[in-house]
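*Asks:* what's the 3D shape of this:
(one chain, ligands or ions: 2)
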Amino acid sequence: MARLDPHSYAESEQPVTERIDLALKVDFAQRVLSGEVLLTLREPSAGPLDLDTRDLRIGAVETPDGAPLRYELGAPERILGTRLRVQLPPATRAIRVRYSTSPQASALQWLAPSQTAGGQHPYLYSQCQPIHARSLAPLQDTARIRVRAGARFTVPAHLRALMAAAPLGREVAGEGEVIDLFEMPQPIPPYLLAFAVGDLSPRQLSQRSAVWAERSVADAAAWELDGVETMLQVAEDLFGPYEWERYDILVMPPSFPFGGMENPRLTFATPSLLAGDRSLVNVIAHELAHAWTGNLVSNATLEHFWLNEGFTVYAERRILEALEGAEAAELHAAVGLHELEVSLKRFATRPELTRLRTQMAGVDPDEAYSTVPYEKGYLFLRRLEELTGRERWDRFLRAYLDRFRFQSIATEDFLRFLDERLPGVSARAGAQRWIDGPGLPPDAPRPQSRRLEELRELARRTGQGVLPDENTAVRMQPTELLVFLQSLPELPAEVCGQLDALLGLSRRRSLELRHTFVLVQLRAGVEAGREAARRVLRETGRMKYLRPIYTELARRPQTRALAREIYDEARESYHPIARTVVESILG
Ligand code: BES
Ligand code: ZN
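*Replies:* Ligands and ions are numbered 1, 2, ... in the order given. Now for the predicted structure:
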């Protein structure tokens, strides 16, 4: 017997789940889900079955006809949670577990009405990646075991449940309650199970696409995401038919800790995407690309996370290139490289986390999370493309997606396929060094373009007190501005103020720009930076914006107390994962 995955109790010789059926009542008052899960096995089985759980209260484990089964809960472990071992009698096809979740379930965030845009109704959402599905239901919580799923959510009648699955309609349950029904017919890794409950309204974007949001943001969301159908078509041209029927997007409350989450058929997206200028749709390109890289072909475990994220950043930039041209895609690559350099510095004392293939036993994936698998993975694939030539490389990509569709694979599977289809390329790229070595190889591709050079030159001159002229300034597009800001050296305080006057940075809606400018302000030591930081940190729970600002505040003695003060004000509104991140920064 061996573990299938360092982050799951699932054992290699044990029965395998084929299907999960959830029937859960959503209790906003108690902040628990209660009900049952039916786990159907691939074949009639016997003997022990080890399931992952975290903070669940198990009521009973039984056969589908209700005969009780013997089970035993292990001692809880910090990262893995608690093993639930069920003894299956001969020829068991399915088991039912009656249980309820904890108010602290790590996959769930329960929001009070005051924490929503509308302020009237509570809101609940799940975030299972990387290993939180086990706090929603007992299951084999490893991406190696793909499952089909059905769900019945009993919710207050004035709200609605949405699931990353096909909706099957609604039943009346009684006393002000309804049951929303769903089915996910394609086999998915458990980290892609996802749902939300709230006062949600749709806006159609196309035949196969809609955006859902709280009423008060729905119109803004529909405007920002107007281009989704075009994006779908471009993605299909690049990667083959979209396999999930619908592509809907759910705009989350501000506390959502990520930019986006690629839940199948229903991407979850941060409301900070709604910048009012469509400048952040690359996040949608990214989550949409996961429909191929990640959801169709999935990483087998988090040790191969780069297969999900590196491929998806690569695919995202191919989509952007097709939509907006090579210059625009190159600007995004430069932004990505900047973020990679920041992460490589952060992990200077833990270089093993800067490999593409990692060793994760005993490592909490939420703590190891960084942009390394994204941007180093991207550069590796770009290097492979460079050596292969675009046409052949694109044919290879299609073949890869086709070969491994609806499978969960390891880095070795990718490398074997690469050697088989493009012999010699892996050796010429020094793949081994990319995969198992730390940091970036010296021959890593470097984003380059005329525009990038110009922006870096503008930033250099600004550092010397020579600002861009008005004409240049008004013409700078959001992503150009971002590259410009990231390229700035430390500024004298008065230049920082002039720059703000010129570009109106602290008045922008885009948190992408505003948070980057806050970092510039804090480094310049300007007073205005303190309140600007506070505004960003209270407006969003997106970790991408929280991490750098708290880090910058905590780094210098003058602002360390301020960091604490802001965190105390904002803590309630952050997702538990984000709280852990901020607390580790504040020490
Ligand atoms: N799948 C990730 C989000 C994630 C990763 C959640 C690991 C939990 C654990 C998602 O696709 C993602 O990468 N989002 C990015 C988008 C960006 C790279 C465009 C984000 O949230 O910023
Ligand atoms: Zn991603």
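
*Asks:* from the stretch 451-587 of the chain, which residue is nearest to ligand 1?
*Replies:* Using CB to the nearest ligand atom, the single residue of the stretch 451-587 of the chain nearest to ligand 1 is residue 544, 5.0 Å away. Using the backbone N, CA and C atoms, a C-beta is placed for each residue, glycine as well.

*Asks:* Burial check on that residue, number of neighbours?
*Replies:* Using other CB atoms under 10 Å, residue 544 is surrounded by 18 other residues.

*Asks:* likewise residue 420?
*Replies:* If we define neighbours as other CB under 10 Å, then residue 420 has 10 of them.

*Asks:* Got phi/psi on it?
*Replies:* Per-residue torsions, residue 420: phi -70, psi -40 (degrees, to the nearest 10).

*Asks:* Please tell me how far the one residue in the stretch 51-200 of the chain that gets nearest to ligand 2 sits from residue 308.
*Replies:* Closest residue of the stretch 51-200 of the chain to ligand 2, CB to the ion: residue 129 (9.1 Å). Separation of residue 129 from residue 308 (CB to CB, to the nearest Å): 9 Å.

*Asks:* and if you look at residue 289?
*Replies:* With CB to CB as the criterion, residue 289 and residue 308 are 10 Å apart.

*Asks:* Quick check: closest non-adjacent residue to residue 224.
*Replies:* Spatial nearest neighbour of residue 224, chain neighbours left out: residue 274 (5.0 Å); criterion: CB to CB, 6 or more residues apart in numbering.

*Asks:* Was I right to think the one you found contacts residue 217?
*Replies:* Yes. Counting by CB atoms under 8 Å, residue 217 is a contact partner of residue 274 at 6.7 Å.

*Asks:* Show me what from the stretch 301-450 of the chain comes close to ligand 1.
*Replies:* Remark: the part of the stretch 301-450 of the chain in contact with ligand 1 comprises 309, 369, 374, using CB under 6 Å from any ligand atom.

*Asks:* Narrow the residues you listed to those in helices?
*Replies:* Among these, the residues falling in helices (DSSP state H) are 309, 374.

*Asks:* want to throw the residues of the stretch 301-450 of the chain next to ligand 1 into CSV with neighbour count and distance to ligand 2?
*Replies:* CSV is the format used below for those (neighbours: other CB atoms under 10 Å; distance: CB to the ion, whole Å):
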residue, neighbour count, distance to ligand 2
309, 24, 5
369, 20, 11
374, 24, 7
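
*Asks:* Quick check: which of the residues of the stretch 301-450 of the chain next to ligand 1 has the minimum pLDDT.
*Replies:* On pLDDT alone, residue 369 ranks lowest of these, at 96.

*Asks:* Which residue, neighbours along the chain excluded, lies closest to that one?
*Replies:* The nearest residue in space to residue 369 (CB to CB, 6+ apart) is residue 130, at 7.8 Å.

*Asks:* That neighbour contacts residue 5, correct?
*Replies:* No. The pair residue 130 / residue 5 is not scored as a contact, 10.8 Å apart, by CB under 8 Å.

*Asks:* Identify the contacts common to the two.
*Replies:* residue 302 (CB atoms under 8 Å, 6 or more residues apart in numbering).

*Asks:* next one: the lowest-mean-pLDDT helix or strand in the chain to chain centre, how far?
*Replies:* Across the helices and strands of the chain, mean pLDDT, DSSP states H and E gives its lowest value to helix 365-368, namely a mean of 94. In terms of CA atoms, centre = their mean, to the nearest Å, the centre of helix 365-368 is set 13 Å apart from its chain centre.

*Asks:* which of the residues in that helix are buried?
*Replies:* 365-366, 368 (16 or more other CB atoms under 10 Å).

*Asks:* So what pairs up with residue 178 in the strands?
*Replies:* Note on residue 178: beta-bridge partners by DSSP bridges are residue 155, residue 172.

*Asks:* and it, what does it touch?
*Replies:* 154-157, 170-172.

*Asks:* repeat that for 10 Å
*Replies:* By CB atoms under 10 Å, 6 or more residues apart in numbering, residue 178 lies in contact with 153-161, 170-172.

*Asks:* for residue 575, same thing?
*Replies:* Counting by CB under 10 Å, 6+ apart, residue 575 has contacts 106, 108-109, 111, 125, 127, 253, 255-258, 541-543, 581.
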